[in-house]
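S.K.: Mind folding the following:
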Amino acid sequence: MANPNGQPEPTGQPAHDPVGRHPRPEFPAQSQEHPGTGAAMRPQPDHGEESYRGSGRLLGRGAIVTGGDSGIGRAVAIAFAREGADVLISHLPEEEKDAVDTVRLIEEAGRVGMAVAGDIREEAHCRSLVDRALTAFGRLDIVVNNAAYQMARPGGIEEISTEQLDRVFKTNVYAMFWLCQAAVPHLRPGSSIINTTSIQAYQPSPPLLDYASTKGAIVTFTKGLSEQLAPRGIRVNAVAPGPVWTPLIPATMPEESVKSFGGSTVFGRPAQPAELAPAYVFLASEEAQFVTAEIMNLTGGQPLP
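M.R.: This is a model prediction of the structure:
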């Protein structure tokens, strides 16, 4: 249950109980225009604003996080900053308010934060993100390809237009390729690339055929690029979330699906973005120096092939 401000009410459960710690469906019926905002969600997502505590694991590093204004990207940006990294986030112009809030949280952690508006479907914009990060931070050590687009089409493949197919692949796959291609010449040994794939890569939902296809491509890209870059001391990994409570859900799914979202996990709820951020910190840190070509599955117990 949630109070009128959208925050979860105390449940009486132990603080670290994964079942009762965060809200469970049924959620209020809700929809938003894409790309959506966390502030309008009920209940509001937890990005770790009040809970994440850093310990200097990324001290002095420079990071890019695409889609860092909200959802998983915001949680990762907050965690990186509290671990000591300077963070550039990319976002769509419509997401300006959320992006400003994320930068404020980065700066409150004592790090340099920067928000760059634009569309990562444009190659020049992807390359400019690398240039902006190098200028602002003097270095680039971590690239998180997190931004994604989806739009559920319950009617099947006949409903997916060429325009939508193009948007999904350019946002989810082309932009990842362009950003990595621009960043690699500037990454030193010990740097890390982390891509966000999905359970959809392995268990595609019929209404998300095009989106799921891109997530499968990200898995293959991650494994292939990791082999290319391993001799240079650059690690490439991916995180595959299951259902996560982000603005993408009410902005791209039918209201009935939103109401029950995440109920299929063994915990009976979706993940909160804050619960995924530690995986990205681990993969970016020296603790993962022997980890590459891995897909870290954070699916709430949903089995994968």
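S.K.: quick one, helices of the protein?
M.R.: 71-82, 96-108, 123-137, 162-169, 175-183, 209-229, 248-252, 255-259, 273-284 (DSSP state H).
S.K.: now those helices as JSON lines including mean pLDDT and mean neighbour count?
M.R.: From N, CA and C alone the C-beta is placed, and that goes for glycine too. Shown next, in JSON lines, are the helices of the chain (pLDDT from 0 to 100; neighbours: other Cβ atoms under 10 Å):
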{"stretch": "helix 71-82", "mean pLDDT": "98", "mean neighbour count": "30"}
{"stretch": "helix 96-108", "mean pLDDT": "97", "mean neighbour count": "19"}
{"stretch": "helix 123-137", "mean pLDDT": "98", "mean neighbour count": "18"}
{"stretch": "helix 162-169", "mean pLDDT": "98", "mean neighbour count": "14"}
{"stretch": "helix 175-183", "mean pLDDT": "98", "mean neighbour count": "22"}
{"stretch": "helix 209-229", "mean pLDDT": "98", "mean neighbour count": "19"}
{"stretch": "helix 248-252", "mean pLDDT": "92", "mean neighbour count": "23"}
{"stretch": "helix 255-259", "mean pLDDT": "93", "mean neighbour count": "15"}
{"stretch": "helix 273-284", "mean pLDDT": "98", "mean neighbour count": "23"}
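S.K.: so which of the ones you listed comes closest to residue 42?
M.R.: helix 248-252 (9.0 Å; Cβ to Cβ).
S.K.: Remind me what that closest one packs against, helices and strands.
M.R.: Packing partners of helix 248-252 (3 or more Cβ pairs under 8 Å, 6 or more residues apart in numbering; DSSP states H and E): none among the helices and strands.
S.K.: mind checking how far the closest residue to residue 213 other than its chain neighbours is from residue 29?
M.R.: In space, and not counting its chain neighbours, residue 213 is closest to residue 204: 7.6 Å by Cβ to Cβ, 6 or more residues apart in numbering. Taking Cβ to Cβ, to the nearest Å as the measure, residue 204 falls 25 Å from residue 29.
S.K.: same check, this time on residue 186
M.R.: Following Cβ to Cβ, the distance that separates residue 186 from residue 29 is 46 Å.
S.K.: Tell me which of those two has more neighbours.
M.R.: residue 186 (16 against 12; other Cβ atoms under 10 Å).
S.K.: ok, now which ones touch that one?
M.R.: 130, 134, 139, 140 (Cβ atoms under 8 Å, 6 or more residues apart in numbering).
S.K.: Name the nearest residue to the first one, sequence neighbours excluded.
M.R.: I take that to be residue 130. residue 182 (4.3 Å).
S.K.: wait, isn't that neighbour in contact with residue 124?
M.R.: No. Between residue 182 and residue 124 there is no contact under Cβ atoms under 8 Å: 10.0 Å.
S.K.: Out of the helices of the chain, flag the one nearest residue 152.
M.R.: Taking the helices of the chain one by one with Cβ to Cβ, helix 248-252 is closest: 5.8 Å.
S.K.: Now for the contacts of residue 186: which two are most distant?
M.R.: 130 and 139 (11.4 Å).
S.K.: coming back round to it: same list (the contacts of residue 186) but as TSV, adding distance to residue 164.
M.R.: Below are the contacts of residue 186 laid out as TSV (distance: Cβ to Cβ, whole Å):
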residue	distance to residue 164
130	28
134	34
139	38
140	32
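S.K.: Number of residues surrounding residue 272?
M.R.: 25.
S.K.: which residue packs closest to it, ignoring adjacent ones?
M.R.: The spatially closest residue to residue 272, leaving aside those adjacent along the chain, is residue 46, at 4.1 Å (Cβ to Cβ, 6+ apart).
S.K.: Share the number of residues neighbouring the one you found, please.
M.R.: 22.
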